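Chemist: Predicted model follows, preceded by the sequence.
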Amino acid sequence: MALDPHTPILIGCGQFAQHVDSVEDALDPASMMSIAIRSASADAGLDEVPNPDSIAVVALLSWRYGDPAYVIAQQLGLNPERTVLTTHGGNSPQTLVNTTARQILAGERDLVILTGGEATRTKARAKKKGIDLHWPTAPAGQEPETTGEDLDMSHPAEQALGIYMPVQIYPMFETAIRAAAGRTVEEQAVVASELWSRFSAVAADNPNAWLQTERTPEEIRTPTASNRMIGFPYTKYMNSNNDVDMAAALIMCSVERAEQLGVPRDRWVFIHSGTDCHEHKYVSNRWTFASTPAVELGGRTALELAGKTIADIDIVDLYSCFPSAVQLGAQSLGLSLDRQLTRTGGLPFAGGPWNNYVMHAIAATMDALRDAPGTTGLVWANGGYTTKHAFGVYSTEPPAGGFRYAYPQDQIDAMPRREVATADEAAGPATVEAYSVMHHRDGNPETANAACLLTDGRRAWGRSTDRALAAAMCVGEWVGRAVTLAPDGTLTPAD
């Protein structure tokens, strides 16, 4: 089959993890990204890094460069026409691949370097030791293009009670999943910890994983001094591990450019389809905490565009910041929790470099596809509180109908949504719908957060700093319990 010369392909991937004890010896994120880019070039069979039309960087938190792509270009001696920076969100790497594929197909780009990295571990240690880092920045006035969808994802009602951190909200999804499945607290802990144990086993065999230690389900679900409870029902091992220094890079180009560069055909990975979408942007407005309809629609659409069903997918990487994310994603996509759902080991074990985890997932998927030519892979990327989603379907074989893309947001916006009651309006009786209990560093329950439903179907938020109540909410099932909300949002049991 003759290929359209503008067919988008990935030709190289690179990953880098920095394990150094001395802050003074640590590289800055741009330098780590440069190493990953060199690695991606070598992976493509190239002797040097090809000069790209653009360098696109996933937004990072550990250092402010102004224009990180410019700094990288200077380090590598490249002269791209454009420098690009994404908006924030864990969906960004896959969204960036989708955007780049469309640009290449349209003839707007020929070769693009995608990269991202964080030095969060080094940054934290430098701060603790009082060391000022003198890492590079772009010159004043050097500004990148911005790409991606930037959403305000915290509703004022959530912010008013201080409920806006992923470590608070993802455990709420877990409690809602548990209640919907009719499991006890103990049964759900086994489901989540067995899932996470399987993820840790993948990380143990992944040479690019940050942590390469397999954990038993008992180790993962049992609170200890080194595995304290953070947001019930999640121990530390169940939380994304952002305390890492990691970088990754992908090289994308047209088939025509790959042939000009002499990239061997067995290095090519085709992206068959891509989709981007988001749930109702505020958790407060979602119909339930126990399902993700945008994942279902976005994933199904990506598969349909590729002419596939989920049964045709051989290799999967689901976004894995917390166990609830994987459970929701698998449920929405029609995947069993018993199959291999990660190619890296997930964010707690392989490493969670903020917005850039999925670039590592795509790289690992590329490697797996090349090892099994003719197979097909699916990557799901997620940002926010299972809010922003991006999907990609990949294979070493070209897509029969060429790369296809969709943004089915209008269908999601038309889905049922809940109205949110203000604290004054919510004062009175309510029913707990989902909850989490934040623990102090000493391991004791400290603050309970709950999403509640009023009798008229509106959602309201409750919070309690009563440590006795927080401890009580770590025992037994509280979803469905009757509570009373005060005008300031304080939650107390109704009985």
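Modeler: Sure, I can see it.

Chemist: give the contact list for E194.
Modeler: Listed by Cβ atoms under 8 Å, 6 or more residues apart in numbering, the contact partners of E194 are P217. C-beta coordinates here come from the backbone N, C-alpha and C atoms, glycine included.

Chemist: Look up how far G162 lies from it.
Modeler: Distance, E194 to G162, using Cβ to Cβ, to the nearest Å: 32 Å.

Chemist: what do you get for P445?
Modeler: Counting by Cβ to Cβ - P445 and G162 are separated by 16 Å.

Chemist: before we move on, what about L491?
Modeler: Going from L491 to G162 by Cβ to Cβ gives 13 Å.

Chemist: which residues touch S320?
Modeler: S320 neighbours (Cβ under 8 Å, 6+ apart): F199, V326, L341, T342, G346, L347, P348.

Chemist: just P429 next, same as before
Modeler: Contacts of P429 (Cβ under 8 Å, 6+ apart): L454, T455, A482, V483, T484, L485, A494.

Chemist: Now for I37, how many residues are close by?
Modeler: Residues lying near I37 (other Cβ atoms under 10 Å) number 28.

Chemist: if we can go back for a sec, kindly give a single PyMOL line that selects the buried subset of the contacts of S320.
Modeler: Buried members of the contacts of S320, defined by 16 or more other Cβ atoms under 10 Å, are picked up in PyMOL with:
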select buried, resi 199+326+341+342+346+347+348
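
Chemist: Tell me the one among the contacts of S320 nearest to L46.
Modeler: Nearest to L46 among the contacts of S320 is T342, at 29.0 Å by Cβ to Cβ.

Chemist: Report pLDDT for the closest one.
Modeler: For T342, the pLDDT comes out at 98.

Chemist: how close does it get to E194?
Modeler: 14 Å.

Chemist: ditto for C452
Modeler: 30 Å.

Chemist: In its sheet, which strands sit next to the longest strand seen in the chain, and in what direction?
Modeler: Criterion DSSP state E: the longest strand present in the chain is strand 428-439. Here strand 428-439 is paired, per DSSP bridges, with strand 229-232 (antiparallel), strand 445-453 (antiparallel), strand 482-485 (antiparallel).

Chemist: can you give me the end-to-end distance of stretch 199-217?
Modeler: 11 Å (Cα to Cα, to the nearest Å).

Chemist: List the buried residues in that stretch.
Modeler: For stretch 199-217, by 16+ other Cβ under 10 Å, it's 199-203, 206, 208-211, 214-215, 217.

Chemist: Return, as residue ranges, the portions of the chain with sub-threshold pLDDT.
Modeler: 1 (pLDDT under 70).

Chemist: quick one on the thing from earlier: neighbour count: P445 and G162, which is higher?
Modeler: P445 (21 against 14).

Chemist: Quick check: closest non-adjacent residue to H360.
Modeler: Distances taken as Cβ to Cβ, 6 or more residues apart in numbering place A248 nearest to H360, at 4.8 Å, with adjacent residues excluded.

Chemist: Can you list the strands that the helix or strand containing that neighbour pairs with?
Modeler: Here A248, judged by DSSP states H and E, is contained in strand 245-254. Its sheet considered, strand 245-254 pairs with strand 8-17 (antiparallel), strand 111-119 (antiparallel) by DSSP bridges.

Chemist: Out of those strands, which gets nearest to E419?
Modeler: strand 111-119 (37.4 Å).

Chemist: Tell me how far the closest one lies from the chain's centre.
Modeler: 16 Å (Cα atoms, centre = their mean, to the nearest Å).

Chemist: what's the next secondary structure element after it?
Modeler: According to DSSP H and E, the helix or strand after strand 111-119 is helix 120-129.

Chemist: Past that next one, which element shows up next along the chain?
Modeler: Defined by DSSP H and E, the subsequent element after helix 120-129 is strand 145-147.

Chemist: Against which helices or strands is the helix or strand following that following strand packed?
Modeler: On the C-terminal side of strand 145-147, the closest following helix or strand by DSSP H and E is helix 156-160. Here helix 156-160 touches strand 459-464, going by 3 or more Cβ pairs under 8 Å, 6 or more residues apart in numbering; DSSP states H and E.

Chemist: Quick check: next helix or strand after the strand it packs on?
Modeler: Past strand 459-464, further along toward the C-terminus, the next helix or strand under DSSP H and E is helix 467-472.

Chemist: Surely A258 is in contact with G12?
Modeler: No: the pair A258 / G12 is not scored as a contact, 9.9 Å apart, by Cβ atoms under 8 Å.

Chemist: Could you check which of these two is surrounded by more residues?
Modeler: G12 (28 against 24).

Chemist: The residue lying closest to the more buried one once chain neighbours are set aside - how many residues pack around it?
Modeler: Closest residue to G12 apart from its sequence neighbours, by Cβ to Cβ, 6+ apart: A44 at 3.3 Å. Per other Cβ under 10 Å, the neighbour tally for A44 reads 23.

Chemist: re the thing from before, mutual contacts of L491 and G162, please.
Modeler: R463.

Chemist: after the longest helix along the chain, next one along is what?
Modeler: Determined from DSSP state H, the single longest helix within the chain is helix 185-204. For helix 185-204, the following helix or strand on the C-terminal side (DSSP H and E) is helix 217-221.

Chemist: Could you check that following helix and say which residues are buried?
Modeler: P217, E219, I220, R221.

Chemist: now the residues you listed as a markdown table including distance to D371?
Modeler: What follows is the buried residues of helix 217-221, written out as a markdown table (distance: Cβ to Cβ, whole Å):
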| residue | distance to D371 |
| --- | --- |
| P217 | 28 |
| E219 | 30 |
| I220 | 28 |
| R221 | 33 |
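
Chemist: quick one: which of those is nearest Q142?
Modeler: Among these, and counting by Cβ to Cβ, the member closest to Q142 is I220, at 45.2 Å.

Chemist: which strand residues sit across from N449 in the sheet?
Modeler: Going by DSSP bridges, N449 forms beta bridges with S436, R463.

Chemist: thought it was touching L161?
Modeler: Yes: the criterion here is Cβ under 8 Å, and N449 meets it with L161 at 7.2 Å.

Chemist: ok, these two, which is more surrounded?
Modeler: N449 (27 against 19).
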